[in-house]
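Student: Quick one, structure for this:
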Amino acid sequence: MALPRQLRDESDFDQLPDNIPISATIADIVEKKGFIVYYQFVITVKTKGGSKYLIYRRYNQFFSLHQRMELKLGAQTGSYTCTLPSLPGKKFIGNKKEIAENRIPELNVYMKKLLSLPTWVMLDDSIRMFFYKTESDSQPDPQALRRQRPPTRRVKTIKPKTDLLSSPRAEVMFDFSGSCKLELSLKAGEVIFLLRRVNADWLEGTVRDRTGIFPETFVKIIKPLPGSDSDGEGEAGRPKHPAVSCLRCCLLRPQGVDTRDLCVEEEMSTLPSYDELLTRMRDLFQIEDIALNYRDPEGDLVRILDDEDVVIMVWESKRSKVKRPVNQYTWELHVSLAADLTVYNTDF
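Tutor: Residues are numbered from 1 along each chain as shown. Presented below is the predicted three-dimensional model:
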């Protein structure tokens, strides 16, 4: 069936609910530092009822939506059959930012054609959920959306000194060196302005025009955060900050255990792949020849070999009775040297 015959006529359009998206355009891309570095597309969505909002989607979410719609439409017969637009294919080699930038025109065309499909397709739950503004989309809007605002439209706001004096802040008592890009490096005597509480032990703040997280034990609170910030809400109804989740990682060596808390911009429900975890642990501990493990409920170390083992690890962690902060994963990684079999409670 030719595409023009698929497009909705005026009567079909009137049947759509007001919250159905009618247009979507990529306004920018943003870098996210999760288990791996990836890019999200910042998409401006407009609904039939006139609402306008931003959503953040990765390419793999486009790919999953397309696969689900192919399965559903492939099962349809007769007058209910229609043709999906073409989705740009996966790319495994190249600069991630350049790949994301180059995909923008094709994805814009894809969304335009997708939102022009017949009414019965637009009402499908998969499409509606893809364009729905979820809680994870309720993060602060980017400072500038390059494809919507001219570069000259920059307004510099200078806060009066009275605002700074009334802002939540803390004095750095000890030097602290951040172990990743999400963590601030602090020097004793500096004043850091507080943004929110990440968990029971970590705060987020700004110092020297840099924003990041840091352990509370390294600072002395001068003016505490408002009570609402402990729940992730900013002052005056500000939207929530992007999700930051922490993963406990332990490197097992003959000379002892090196424990790190790895903070990533991921939802707690995110399930990383085996390759993502292996790459991130090699980078974190600066050791190439390592093995990934987890402890089962009996306390024995179990080696992780593939994605299925990662799923089992997460499932097993639900049986754990260890109490953790609300933003710390229930599972933790135990990294060992690949050739060291002495860490296992097994005879080889």
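Student: can you pull the buried residues of the helix or strand residue 250 falls within?
Tutor: Of the helices and strands defined by DSSP states H and E, residue 250 is found in strand 245-253. For strand 245-253, a neighbour-count test (16 or more other CB atoms under 10 Å) marks 245-249, 251-252 as buried. Yep, even glycine has a C-beta here, placed from its N, CA and C like the rest.
Student: Repeat that for stretch 296-316.
Tutor: Neighbour-count burial for stretch 296-316, with 16+ other CB under 10 Å as criterion, is recorded at 301-304, 309-310, 313-314, 316.
Student: In strands only, show me those residues.
Tutor: Judged by DSSP state E, the subset of the buried residues of stretch 296-316 located in strands is 301-304.
Student: and which of those is nearest residue 89?
Tutor: residue 304 (29.9 Å; CB to CB).
Student: So that closest one sits against residue 316, correct?
Tutor: No: Residue 304 sits out of contact with residue 316 when judged by CB atoms under 8 Å, with a separation of 11.2 Å.
Student: Mutual contacts of these two, please.
Tutor: In the contact map built from CB atoms under 8 Å, 6 or more residues apart in numbering, the residues linked to both residue 304 and residue 316 are residue 294.
Student: any idea whether the most centrally placed residue in the chain is helix, strand or coil?
Tutor: The residue lying closest to the centre of the chain (CA atoms, centre = their mean) is residue 266, at 3.7 Å. Of the three states, residue 266 takes coil according to DSSP: H, G, I helix; E, B strand; the rest coil.
Student: Show me what counts as buried in stretch 120-129.
Tutor: 121-122, 124, 127.
Student: how about a markdown table for the residues you listed, with distance to residue 280 and pLDDT added?
Tutor: Below are these laid out as a markdown table (distance: CB to CB, whole Å; pLDDT from 0 to 100):
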| residue | distance to residue 280 | pLDDT |
| --- | --- | --- |
| 121 | 39 | 84 |
| 122 | 39 | 83 |
| 124 | 35 | 87 |
| 127 | 33 | 90 |
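Student: how does the protein divide up, domain by domain?
Tutor: For the chain, whose domains are defined here by automatic domain parsing, the residue ranges read 3-137, 161-237, 245-337.
Student: Wasn't residue 46 part of a helix?
Tutor: No: assigned with three-state DSSP, residue 46 falls outside any helix and is strand.
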